[in-house]
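[1] Got a predicted model here, sequence first, then my questions.
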Amino acid sequence: KRVVVFISGGGSNMLALAKAASEPDFPAEIVGVISDKADAGGLAKAAALGIPTFSFARKDYDSKDAHEAAILSALESLSPDIICLAGYMRLLSAAFINRYEGRIINIHPSLLPLFPGLHTHQRAIDAGMVEAGCTVHFVTEGMDEGPVILQAKVPVLPGDTAETLAARVLVQEHRTYPVALRLIAEGKASMTDGRLIGAEGAT
Ligand code: GRF
């Protein structure tokens with residue numbers, strides 16, 4: 001399976017996916033990395049692994065549609081089977097999601113449906129949560145609300161800050177995302193009519 005990874009920043013999750021995909025028995029290969037930030041740190045990491053990279057700065061386009069059209073045309077040229085959003089901080093249009101319905105997945109740093117959106121770790125701490133974690137889910141038109149594929153949990157410890165909790169969750173993101181991608185690539189988890197079919201559960 002051909003996988004394209006979308007990033008906006010450091011790309012540590014992209015790197016975890018690329019490392020897993022480089023194993024001979026992994027049922028997918030990363031054929032491209034696309035970013036909406038020309039200076040995303042992950043672009044250099046992908047290039048160092050020989051993965052083709054493409055960046056599209058929003059300011060170079062006179063509309064959101066034109067920006068997304070440029071991204072979509074590069075994406076089409078890569079003939080992806082699966083799209084992985086990994087620290088990608090831009091919402092996809094309904095047209096984009098419908099074009100790749102059921103083949104776009106995302107990793108979110110909370111135990112969805114808890115804490116969709118931003119600043120998830122501080123919100124978990126402020127809410128007095130005793131556990132937090134990450135979720136790999138299918139991307140649907142609503143933000144952070146598609147069917148859950150896999151989740152991983154970590155404890156929230158006394159004295160945790162958003163940074164210490166984020167670091168603990170990130171370790172699980174790097175472990176969980178490749179497992180979820182393998183399930184999708186092997187057809188063991190899929191999405192039909194917005195419902196998950198197949199594997200589901202905590203890791
Ligand atoms: C991670 O916490 C990820 O869950 C969130 O963005 C953060 C940075 O991701 N979406 P990465 O290091 O760029 O993969």
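    Good, I have the coordinates.
[2] Would you map the strands across this protein?
    Ranges of strands within the chain are 2-7, 29-35, 53-55, 82-85, 104-108, 131-138, 148-155, 189-192, 195-198, based on DSSP state E.
[3] I'd like these laid out as CSV, including mean pLDDT.
    CSV is the format used below for these (pLDDT from 0 to 100):
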stretch, mean pLDDT
strand 2-7, 98
strand 29-35, 98
strand 53-55, 98
strand 82-85, 98
strand 104-108, 98
strand 131-138, 97
strand 148-155, 97
strand 189-192, 86
strand 195-198, 75
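[4] Now distance to residue 96 and mean neighbour count too, for those strands, in TSV please.
    C-betas here are computed from N, CA, C, even on glycine. Below are those laid out as TSV (distance: least, C-beta to C-beta, whole Å; neighbours: other C-beta atoms under 10 Å):
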stretch	distance to residue 96	mean neighbour count
strand 2-7	11	25
strand 29-35	12	23
strand 53-55	15	19
strand 82-85	9	24
strand 104-108	8	25
strand 131-138	14	24
strand 148-155	20	20
strand 189-192	16	18
strand 195-198	21	13
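[5] Now render these as CSV, adding distance to residue 13.
    Below are these laid out as CSV (distance: least, C-beta to C-beta, whole Å):
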stretch, distance to residue 13
strand 2-7, 8
strand 29-35, 11
strand 53-55, 15
strand 82-85, 8
strand 104-108, 6
strand 131-138, 9
strand 148-155, 13
strand 189-192, 18
strand 195-198, 21
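[6] Those strands: which one's closest to residue 173?
    Closest to residue 173 of those, according to C-beta to C-beta: strand 131-138, at 4.6 Å.
[7] Can you give the strand pairings for that closest one, parallel or anti for each?
    strand 104-108 (antiparallel), strand 148-155 (antiparallel) (DSSP bridges).
[8] how near is residue 21 to residue 172?
    Separation of residue 21 from residue 172 (C-beta to C-beta, to the nearest Å) stands at 19 Å.
[9] of the two, who's got more company?
    Between residue 21 and residue 172, residue 21 has the larger neighbour count (other C-beta atoms under 10 Å), namely 22 against 19.
[10] Skip the chain neighbours and tell me the closest residue to that one.
    residue 30 (5.1 Å; C-beta to C-beta, 6 or more residues apart in numbering).
[11] what sits against that neighbour?
    3, 4, 5, 14, 17, 18, 21, 46, 51 (C-beta atoms under 8 Å, 6 or more residues apart in numbering).
[12] do the same with residue 56
    Going by C-beta under 8 Å, 6+ apart, residue 56 touches 34, 35, 36, 67, 70, 71, 74.
[13] tell me which residues of stretch 92-105 are tucked away?
    92, 96, 97, 100, 101, 102, 103, 104, 105 (16 or more other C-beta atoms under 10 Å).
[14] typed the wrong thing, it's stretch 161-170
    165, 166, 168, 169, 170.
[15] hmm, who's touching it?
    Contacts of stretch 161-170 (C-beta under 8 Å, 6+ apart): 12, 109, 119, 121-122, 124-125, 132-134, 154-157, 160.
[16] No further questions, thank you.
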